[in-house]
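A.B. asks: could you work out the structure for the sequence below:
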Amino acid sequence: MGQLQNHIIYTYNLKGWDADVLRGMWEKIPDDSKICPYCGKMVSEAKSENAIKQYYVSDKNRIVAILLAMLGFMGIGGLQRIYVAKYATGALYMITGGFFFVGTIWDLYKLLTETFKDGDGYPLYSDSSMKSNYHRRTVKSASTKKAMIAVFFGLLMLMGGLSGVSVSHQKAEQAKQEVVQEKNNIKKEEKKKDETVDENLSKIKIEVQLDDIYIEGKRRFFVDITNTSDYPFKGIVHIGGKGISVLDCIYDLKRLQPGQTQRCVGTGNVSEATKFRQTIQGKFLKITKNQNLNYKVVKQYGGTGMLTYFVCTDDMSDANLTSISQEFCKNYGGSIHDLEVRFVKKQNDPSLDDSLAMYAIHPMNKQLNNKLVWFDDAGNVGRIIATISKE
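C.D. replies: Predicted structure coming up:
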């Protein structure tokens, strides 16, 4: 080619060359020149020195990029790309969580193998990988400053996000503890309210009576369940036998009061020869009783929605009768429809005629409902002692 040579020039100081002269382009040396007008070297010497090709790598720190990429596993993806001025994909990674972690893993692989490139296409190298003809770019462009600003704000977002997660976690834990505490309090209240007593289940009496009515070929029968104890009963009674379906005749007793009888209905292929089996599961519930009140229940009876108690007491004062009535209202007032508490002095099988006073819950009878009344000699309501209600 004669003395017309293409001379490769780069932008940085190479072996003492002047960076202002070397402009990073192909320069044509005149054919009749023996000395290069750009570097001052002999043409043969310049051609010899440029025989070794020079390479440039990114000025970005590879370790910093790796650390930023690892933050993608903490929910802030794409910082490594913003750091190297790949803003579009960096924003995409931040929105998608490092492209659902796949992009983060891929970038880490590229960084570790030193094949990851910055926004200008230059690879990120470690110091140990640099050779004699490798050089780092040192121009701090506006894009680099933007990248650093973006990374800074990204880190602020990460810190804010972690702080928010921590606060949310603390609030969630606090709410969880409050719910657990509330449940424990409810359980304690329920246990306190429905505290059981040790009472024999044989005090639940069951009587089965056959009926003459047939329903779809099955004979109907009645099951009378009576609580003969001094405490309310809560449980399940199952009546079985030949010709009765396993799932039929299961009766849920919500709160069978002392002396109360609940009538249930069942059907089956039964007859007078059928042997009925009964299964009782449940518990007796403790009721509140003021030990300072001196009274005794000497008789009690009732059906599904009606209860009558005969209470014997020596103190027939208005104050004592009112206190006893308040206790019966509290224990039984919300669980049955009609309640009568008849105050007597006779202990052996008293009758209605022996009633001296009465507290009644009769929602359909405005004259007696929630009233404690005193009877006159003729057995009629003589006067109202007090009005008592659970509310």
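A.B. asks: phi, psi for residue 275 please.
C.D. replies: Per-residue torsions, residue 275: phi -100, psi 110 (degrees, to the nearest 10).
A.B. asks: partner strands of the longest strand that the chain contains, parallel or antiparallel?
C.D. replies: Ordering each strand of the chain by length in residues (DSSP state E) puts strand 204-215 first. Here strand 204-215 is paired, per DSSP bridges, with strand 218-227 (antiparallel).
A.B. asks: quick one on the thing from earlier: which of the residues in the longest strand of the chain are classified as buried?
C.D. replies: 204, 206, 208 (16 or more other CB atoms under 10 Å). All C-beta atoms are positioned from the backbone trio N, CA, C, and that covers glycine.
A.B. asks: where does the stretch 51-200 of the chain have low pLDDT?
C.D. replies: By pLDDT under 70, the low-scoring segments of the stretch 51-200 of the chain are 51-52, 139-148, 150-152, 154-165, 186-194.
A.B. asks: all strands for it, in order.
C.D. replies: 55-57, 134-136, 196-197 (DSSP state E, counting those that start in this stretch).
A.B. asks: any chance of these in a markdown table with distance to residue 181 as columns?
C.D. replies: Output for those, formatted as a markdown table (distance: least, CB to CB, whole Å):
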| stretch | distance to residue 181 |
| --- | --- |
| strand 55-57 | 61 |
| strand 134-136 | 61 |
| strand 196-197 | 24 |
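A.B. asks: and of those strands, who's closest to residue 120?
C.D. replies: strand 55-57 (9.8 Å; CB to CB).
A.B. asks: the closest one packs against which elements?
C.D. replies: When contacts are defined as 3 or more CB pairs under 8 Å, 6 or more residues apart in numbering; DSSP states H and E, strand 55-57 packs onto strand 134-136.
A.B. asks: residue 383 sits in which helix or strand?
C.D. replies: strand 381-387 (DSSP states H and E).
A.B. asks: tell me the mean pLDDT for that strand?
C.D. replies: For strand 381-387, mean pLDDT rounds to 91.
A.B. asks: would you mark the buried spots in that strand?
C.D. replies: Quick answer for strand 381-387 (16+ other CB under 10 Å): 385-386.
A.B. asks: and if you look at stretch 64-71?
C.D. replies: 65-66, 68-69, 71.
A.B. asks: measure the one residue sitting closest to the centre of the chain to residue 182 for me?
C.D. replies: Nearest residue to the geometric centre of the chain (CA atoms, centre = their mean): residue 176, 7.2 Å. Applying CB to CB, to the nearest Å, the value for residue 176 to residue 182 is 11 Å.
A.B. asks: pretty sure residue 123 contacts residue 117?
C.D. replies: Yes: with contact defined as CB atoms under 8 Å, residue 123 and residue 117 form a contacting pair (5.1 Å).
A.B. asks: and residue 281, backbone torsions?
C.D. replies: Per degrees, to the nearest 10, the backbone of residue 281 is at phi -130, psi 130.
A.B. asks: tell me what it is bridged to.
C.D. replies: Beta-bridge partners, per DSSP bridges, of residue 281: residue 236.
A.B. asks: what sits against it?
C.D. replies: 235-236, 238 (CB atoms under 8 Å, 6 or more residues apart in numbering).
A.B. asks: span of stretch 117-133 from start to end?
C.D. replies: 19 Å (CA to CA, to the nearest Å).
A.B. asks: so can I have CSV of the strands of the stretch 51-200 of the chain showing distance to residue 293 and mean neighbour count?
C.D. replies: Output for those, formatted as CSV (distance: least, CB to CB, whole Å; neighbours: other CB atoms under 10 Å):
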stretch, distance to residue 293, mean neighbour count
strand 55-57, 97, 17
strand 134-136, 97, 15
strand 196-197, 19, 13
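A.B. asks: for residue 106, which of those is the nearest?
C.D. replies: Using CB to CB, the nearest of these to residue 106 is strand 55-57, at 20.3 Å.
A.B. asks: ok, and what's touching that closest one?
C.D. replies: For strand 55-57, using CB under 8 Å, 6+ apart, the contacting residues are 10, 12, 122-125, 130-131, 133-137.
A.B. asks: pull the most distant pair out of those.
C.D. replies: 10 and 124 (19.6 Å).
A.B. asks: more crowded one of the two?
C.D. replies: residue 124 (25 against 18; other CB atoms under 10 Å).
A.B. asks: and for the closest residue to the more buried one other than its chain neighbours, the neighbour number?
C.D. replies: In this structure, residue 124 finds its nearest non-sequential neighbour in residue 62, 4.2 Å apart by CB to CB, 6 or more residues apart in numbering. As a burial measure, residue 62 scores 20 neighbours (other CB under 10 Å).
A.B. asks: also residue 293?
C.D. replies: Neighbour tally, residue 293, other CB under 10 Å: 13.
A.B. asks: next: residue 226.
C.D. replies: 21.
A.B. asks: wouldn't it be in contact with residue 261 here?
C.D. replies: Yes: using CB under 8 Å, residue 226 is in contact with residue 261, at 4.4 Å.
A.B. asks: the residue nearest to residue 124 touches residue 123, doesn't it?
C.D. replies: No: Residue 62 is not in contact with residue 123 according to CB under 8 Å; the separation is 9.1 Å.
A.B. asks: separation between residue 128 and residue 379?
C.D. replies: 113 Å.
A.B. asks: much appreciated, bye for now.
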